[in-house]
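# Just a sequence and a predicted model for now, questions to come.
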Amino acid sequence: MQRIKLYTSLPFILIVVMFLLAGCNKSSSPATGAVAATLNDYTGLDGCSWVIKLENDMVLEPTNLSDFTIELKEGKKVWLKYTEQNDLVSICMVGPIVRIDSIWER
């Protein structure tokens with residue numbers, strides 16, 4: 001009788017395990033439109049503070065990084081969605097000025 005209970009509950013257990021494993025790998029499948037990037041502290045350069053470096057080595061100057069609760073740590077890898085702000089200028093001048101739409105850790 002024990003064998004019958006195991007065989008009838010095994011498919012249910014497998015389905016639950018599959019759903020749990022499918023939800024675990026969030027960093028390999030970012031939201032649509034998100035790009036991989038790294039946080040860098042450029043405070044030593046005139047007029048600069050935290051910047052975001054994309055994987056193609058392009059550096060972005062965010063205007064609203066403080067609006068997010070992400071820990072600012074040199075070299076932190078993040079996913080990012082942003083909008084370029086072509087109507088702004090910067091003293092730092094290391095890259096385009098952007099408004100961050102969303103940012104989260106990789």
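Perfect, I can see it now.
# what's around Val51, how many residues?
Look at Val51: counted by other CB atoms under 10 Å, it has 22 neighbours. Just so you know, the C-beta spots here come from the backbone N, C-alpha and C atoms, and that holds for glycine as well.
# How about the one 3 residues further on?
Neighbour count of Leu54, defined by other CB under 10 Å: 15.
# Name whatever forms a beta bridge with it.
Beta-bridge partners of Leu54, counted by DSSP bridges, are Ala37.
# That one against Val35, yeah?
Yes. With contact defined as CB atoms under 8 Å, Leu54 reaches Val35; the gap is 5.9 Å.
# elements contacting the strand or helix carrying Asn40?
Element membership of Asn40, judged by DSSP states H and E, is strand 35-41. Applying 3 or more CB pairs under 8 Å, 6 or more residues apart in numbering; DSSP states H and E, we find strand 35-41 packed against strand 50-54, strand 77-84.
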